[in-house]
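Next one to model:
(chains A and B)
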Amino acid sequence: MSEKKTNRRDFLFTATYAVGAVGAGAVIWPMIDQMNPDASVKALASTEVDVSAVNPGKTITVLWRGKPVFIRRRTPEEIAEAKSVKIEDLKHPEKDEDRAKNPEWLVMLGVCTHLGCVPLDQKGDYNGWFCPCHGSHYDTSGRIRKGPAPTNMEIPEYKFVDANTIKIG
Amino acid sequence: MPTQLRLDNFMSEHEYTPKSKVGKWFNDRLPLLTLANHLTDYPTPKNLNYWWTFGGILTFCLITQIVTGLVLAMHYIAHADMAFQSVEHIMRDVNYGWLIRYIHANGASMFFLAVYIHIFRSLFYGSYKSPREVIWIIGIIIYLLMMAAAFLGYVLPWGQMSFWGATVITNLFSAIPLVGEGIVTWLWGGYSVDNPTLTRFFTLHYLIPFLILGLVVLHIWALHVPGNNNPIGIDIKKPSKDTVPFHPYIVIKDGFALLMFMIVFAFFVFYTPNILGHADNYIEANPLVTPAHIVPEWYLLPFYAILRSVPDKLLGVIAMLSAILILAALPWLDTSKIRSAVFRPLYKQFYWILVADVLILGYVGAMPAEGLYLLIARIATAYYFLHFLVVLPVLGFKERTIPVPLSITEPILGGSPNFAAIKKKDSFKDQ
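Below is the predicted model of the structure:
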C-alpha cells in the first residue's frame, strides 16, 4: 500500500485535468480577445493627405487611427540643425536621414512616448516639440532630448503617392 | 441537539433565540436574526473616539455613490459621440439631474476624504497590527478598487481631462517591457482612447462598486472576529466593563458624526460643486489637443507626484505602484508590539512627519514637474519610502514606549476585567 505507483486512475485524473484546462482556456480566450481592436477599427488603418498647401515652416496635424500625425515641412535651418546633432548625444540614437526620407518632410506620430500626450509645436529647448504633460523636449527631428520620454516620437509607415499626397498606414 | 444553526465564534458569544414563533422558525432555517442580534449587541470598546466614526461614514459614501450612479446611468449614454452631450443633458434637462450628478461627482471626493481619514486613523492607532492584518489588507484592496472606480468614472463625461487622463493612465501599462504596447492596445480596443474604450470603462465603472460592497462585507466580518481596536490599542475582553453594545451607543455616535460629515458634503454640492474638478473637463474630448496642464483629481495627487519624481518611465510607474502596495506589507514592516501612538512618543512624531510628507506630495503633484517643485517631490518621495522601509522597522526595536494600561478603566478604577492582561503585567513586574 505504501508504494506509490502510477495506475490507470491517476492517468485518468491527469487526462481529465488536461482536457479541462484546454476547455477553460478555449472559453477564456474569446473573453480576452474581444477587447482587442475589432474589424471596423482595423479597417480604418490608412489615410491619404493632401499636403500641397503646406508651406515651409508649417505643420499640419491629421488624425490617423485616432491619433494625431504631425506633417511638418521643415525649413533648411531646421534640417541643418537636425543633421548636425552628434548621434552619441541622443538618448534614442537615430539619424535624421532614417527618420525623414525626404528631409523636407517630417511625418511622425504626434504622440509623446512618455504617456501619450500631444506635444506642442515649436516649443522647448531644442526648437522642436515640447510635451506639456511631463516636460519632454524633442528636437526638429522629433527625437527625445530631455525629459521622461524613453524614445523618439514614432515614424508611422507612409509614402508619397505623388508629389502632393502622402499615404499614411 | 440544538436545531439552531450557529454562525460560529464571530457571531454573538451567547446563544440567541428569537422571541416570536415565526422568528424562531425562520431563524432556524436562515439565521438572519442571529446576525442582526450580533450586530446590535456587538461589544465595542467604550473609549472609541470620533476618528472611529469614519467606517460608518464610508458605508454611507458607498451607498450614496451606488444609488446616484444607478440613477445617472438611466440618462447617460456611453458613446464617444454622445457621452459629453448626455452629461450636459443630465445637467440641464433631467429633473434634478444637476443635483444627482453633483452629489455623485463630489461624492467621490467625499469618499476619498473619508477613506484617507480612516487610513490615517489606522496608522496612528496601529489598527493594522496583529490580529487585524487581514482587515487591513482587505482595506487596501478596497482602496485600490476605489481608485480604479474613480478613474474610470472620471473618463465617462468625455471631456478633455477625461480623455487625456485616460490616455496618460492607460499608457502607464506601456512601461511594461515587451508586452506593454500590446496591453495598451488591448485596453483601448483600438490604437487610441476611443469609443471602444469608453464603453468598456462604463461597464467596469458600474461593476467595481459592487465588488467593493462585497469586500466591505468581508472587511466588517474580519473586524468582528477580533473586535475593534481602540485609542489605547489594548486587547479588550468582550463583553466586559470596557465595552458597550454597538446599539445604541455607537449607532448614535456614528449618526452624529455622519450628520456633521453631510454638512461638509452638502456645502460642496450646493455652494462650490465644481471647485474640486477641472474647468477643462467642460470642453469636449479632442484627440488633437492636449490640455496645457494635466492633473488628476486631488485624491490621486500624492501618487502622481511620486510617478513624476522619477525620471525613468518604467521606474516611475514601479515607484507609484510600490507606494500603494507597500501599505499591504505595513503589518510586518512595523515591528513595534505597541499598537497605539499614544504610548509611542517617537512614532507619534514620525507619524505627523508622514502626514506632512503626504500633504507635500499632494501639493507638488498639482504643480508643474520642474525646478523646485521637482526637487521637493523627489525628497518627499524618498522620505515616504524611508518611513515605511527604515523608520518603522527600526523604531520597533529602538523606541522606549510608555507603559500601556491594563484596561480602559484601570487608570481610574484599577484592575482589569481582562485577567489574562493582569497576569501578563504581573509577570513583567517579576522580571
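
B:Ser232 is in contact with B:Ile338, isn't it?
Not quite, residue B:232 is Ile, not Ser. No: using Cβ atoms under 8 Å as the test, B:Ile232 is too far from B:Ile338 to be in contact (10.0 Å). To be clear about C-beta, it is placed using only N, CA and C from the backbone, and glycine gets the same treatment.

hey, what's in contact with both of the two?
Residues within reach of B:Ile232 and of B:Ile338 at once, by Cβ atoms under 8 Å, 6 or more residues apart in numbering or on different chains, are B:Val404.

Show me where the stretch 1-150 of chain B has its strands.
With DSSP state E, counting those that start in this stretch as the criterion, the stretch 1-150 of chain B has strands at B:43-45.

which residues in chain A form helices?
A:8-33, A:39-43, A:76-84, A:96-99 (DSSP state H).

Export these to a markdown table and append columns for mean neighbour count, mean pLDDT and distance to chain B.
Output for these, formatted as a markdown table (neighbours: other Cβ atoms under 10 Å in any protein chain shown; pLDDT from 0 to 100; distance: least, Cβ to the nearest Cβ, whole Å):
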| stretch | mean neighbour count | mean pLDDT | distance to chain B |
| --- | --- | --- | --- |
| helix A:8-33 | 10 | 95 | 8 |
| helix A:39-43 | 11 | 84 | 5 |
| helix A:76-84 | 15 | 88 | 22 |
| helix A:96-99 | 16 | 88 | 20 |
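
ok, residues contacting the helix or strand bottoming out on mean pLDDT in chain A?
When the helices and strands of chain A are scored by mean pLDDT, DSSP states H and E, helix A:39-43 comes last with a mean of 84. The contact list for helix A:39-43 (Cβ under 8 Å, 6+ apart) reads B:Gly189, B:Gly190, B:Tyr191, B:Asp194, B:Pro196.

so which of those residues are also by chain A?
Contacts with chain A within these, as defined by Cβ under 8 Å from any Cβ of the partner chain: B:Gly189, B:Gly190, B:Tyr191, B:Asp194, B:Pro196.

what's the closest of those residues to chain A?
Nearest to chain A among the ones next to chain A among the contacts of helix A:39-43, counting by Cβ to the nearest Cβ, is B:Tyr191 at 3.8 Å.

which ones are touching that closest one?
Residues in contact with B:Tyr191 (Cβ under 8 Å, 6+ apart) are A:Pro37, A:Val41, A:Arg65, A:Gly66, A:Lys67, B:Thr185.

most surrounded residue in these?
When neighbours are counted by other Cβ atoms under 10 Å in any protein chain shown, A:Lys67 leads these with 22 neighbours.

Roughly how far does the nearest residue to B:Thr409 once chain neighbours are set aside sit from B:Pro43?
Leaving out its chain neighbours, the residue that sits closest to B:Thr409 by Cβ to Cβ, 6 or more residues apart in numbering or on different chains is B:Lys241, at 5.8 Å. As for B:Lys241, its distance to B:Pro43 is 11 Å (criterion: Cβ to Cβ, to the nearest Å).

what do you get for B:Trp221?
Relative to B:Pro43, and taking Cβ to Cβ, B:Trp221 is found at 16 Å.

One more: A:Lys5?
Distance from A:Lys5 to B:Pro43, by Cβ to Cβ: 57 Å.

Those two: which has the busier surroundings?
Higher neighbour count among A:Lys5 and B:Pro43: B:Pro43, with 19 against 5, using other Cβ under 10 Å.

is that one in a bridge, and if so with what?
Applying DSSP bridges to B:Pro43 gives these bridge partners: B:Pro245.

check contacts around it.
B:Gly227, B:Lys238, B:Pro239, B:Ser240, B:Thr243, B:Val244, B:Pro245, B:Phe246.

Report the spatially closest residue to the third one, excluding sequence-adjacent ones.
If you skip the residues right next to it in sequence, B:Pro239 has B:Pro43 as its closest partner in space, 4.0 Å away by Cβ to Cβ, 6+ apart.

okay, A:Tyr126: pLDDT?
Here the pLDDT value assigned to A:Tyr126 is 89.

nope, B:Pro239 is what I meant
Reported pLDDT for B:Pro239: 84.

With B:Gly189 instead?
pLDDT, B:Gly189: 94.

Am I right that it is in contact with A:Asp33?
No: at 10.8 Å, B:Gly189 does not count as touching A:Asp33 under the criterion of Cβ under 8 Å.

what's the spacing between the residue of the stretch 251-400 of chain B found nearest chain A and B:Leu330?
Closest residue of the stretch 251-400 of chain B to chain A, Cβ to the nearest Cβ: B:Thr290 (4.2 Å). Computed as Cβ to Cβ, the B:Thr290 to B:Leu330 distance reads 37 Å.

Then B:Gly214?
23 Å.

more crowded one of those two?
Between B:Gly214 and B:Leu330, B:Leu330 has the larger neighbour count (other Cβ under 10 Å), namely 19 against 11.

for residue 65, what are its contacts?
Let's take chain A. By Cβ under 8 Å, 6+ apart, the residues touching A:Arg65 are A:Leu44, A:Ala45, A:Gly169, B:Gly190, B:Tyr191, B:Ser192.

please go with chain B instead
Counting by Cβ under 8 Å, 6+ apart, B:Gln65 has contacts B:His104, B:Gly107, B:Ala108, B:Phe111, B:Pro209.

Let's see which of those end up in helices.
Judged by DSSP H, the contacts of B:Gln65 include B:His104, B:Gly107, B:Ala108, B:Phe111, B:Pro209 as members of helices.

any idea of the pLDDT on the first one?
As predicted, B:His104 sits at a pLDDT of 98.

That one: neighbour count?
21.

helices or strands up against the host helix or strand of B:Gly214?
Per DSSP states H and E, B:Gly214 falls inside helix B:195-224. In terms of contacts (3 or more Cβ pairs under 8 Å, 6 or more residues apart in numbering or on different chains; DSSP states H and E), helix B:195-224 is packed against helix B:54-73, helix B:133-155, helix B:160-171, helix B:180-188.
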